[in-house]
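Student: Make a model of this:
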Amino acid sequence: MHLALHLLFSNGEYGDVMPRLLGVILIGLGILVAGHPPPAGTDLQTVHWRALLLPCWLLLYAFSHAPMFLSLFVVVGIGFLLSLVTARSERRA
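Tutor: Below you'll find the model as predicted:
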């Protein structure tokens, strides 16, 4: 766990922020497992999940000022953009 937090530029203890982080991840997983219905005719489930996570990472950064949440925002943001581009190109095809 320490190595993973170090690789994400962790800078110390998080107090009540870490349970919030885990809560956000569990809500996202719950949405995926429950089969959150995508809009009619599209399969944008992962795009919706990442769109939920992005503002949560920014809020958690605002609470803790830990650079780990900015690195998570960047990683999830890149995945969000790639998923969105892929979904749009599949829709056109």
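Student: In the longest helix anywhere in the chain, which residues are buried?
Tutor: As assigned by DSSP state H, the longest helix anywhere in the chain is helix 67-92. For helix 67-92, a neighbour-count test (16 or more other Cβ atoms under 10 Å) marks Met68, Phe69, Leu70, Ser71, Leu72, Phe73, Val76, Gly79, Phe80, Ser83, Ala87 as buried. Quick note: C-beta positions are derived from backbone N, CA and C, even for glycine.
Student: quick one: average confidence on that helix?
Tutor: The average of the pLDDT scores along helix 67-92 is 88.
Student: How far away from the center of its chain is that helix?
Tutor: Distance, stretch centre to chain centre, for helix 67-92: 9 Å (Cα atoms, centre = their mean, to the nearest Å).
Student: for it, packing partners?
Tutor: helix 45-64 (3 or more Cβ pairs under 8 Å, 6 or more residues apart in numbering; DSSP states H and E).
Student: With only the CA atoms kept, save the helix it packs on in PDB.
Tutor: What follows is helix 45-64 as a C-alpha-only set of coordinates in PDB (Å, rounded to 0.1, in the frame of the first residue of the first chain):
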ATOM      1  CA  GLN A  45     -21.100   3.000 -19.200                       C
ATOM      2  CA  THR A  46     -17.400   3.500 -18.600                       C
ATOM      3  CA  VAL A  47     -17.600   7.000 -19.900                       C
ATOM      4  CA  HIS A  48     -20.400   7.700 -17.300                       C
ATOM      5  CA  TRP A  49     -18.400   6.100 -14.600                       C
ATOM      6  CA  ARG A  50     -15.300   8.100 -15.300                       C
ATOM      7  CA  ALA A  51     -17.400  11.300 -15.600                       C
ATOM      8  CA  LEU A  52     -18.600  10.600 -12.000                       C
ATOM      9  CA  LEU A  53     -15.000  10.100 -10.800                       C
ATOM     10  CA  LEU A  54     -13.400  13.200 -12.300                       C
ATOM     11  CA  PRO A  55     -15.200  15.800 -10.100                       C
ATOM     12  CA  CYS A  56     -14.800  13.500  -7.100                       C
ATOM     13  CA  TRP A  57     -11.000  13.500  -7.500                       C
ATOM     14  CA  LEU A  58     -11.000  17.300  -7.600                       C
ATOM     15  CA  LEU A  59     -13.200  17.600  -4.500                       C
ATOM     16  CA  LEU A  60     -10.900  15.200  -2.600                       C
ATOM     17  CA  TYR A  61      -7.900  17.300  -3.700                       C
ATOM     18  CA  ALA A  62      -9.700  20.400  -2.400                       C
ATOM     19  CA  PHE A  63     -10.200  18.700   1.000                       C
ATOM     20  CA  SER A  64      -6.700  17.300   1.300                       C
END
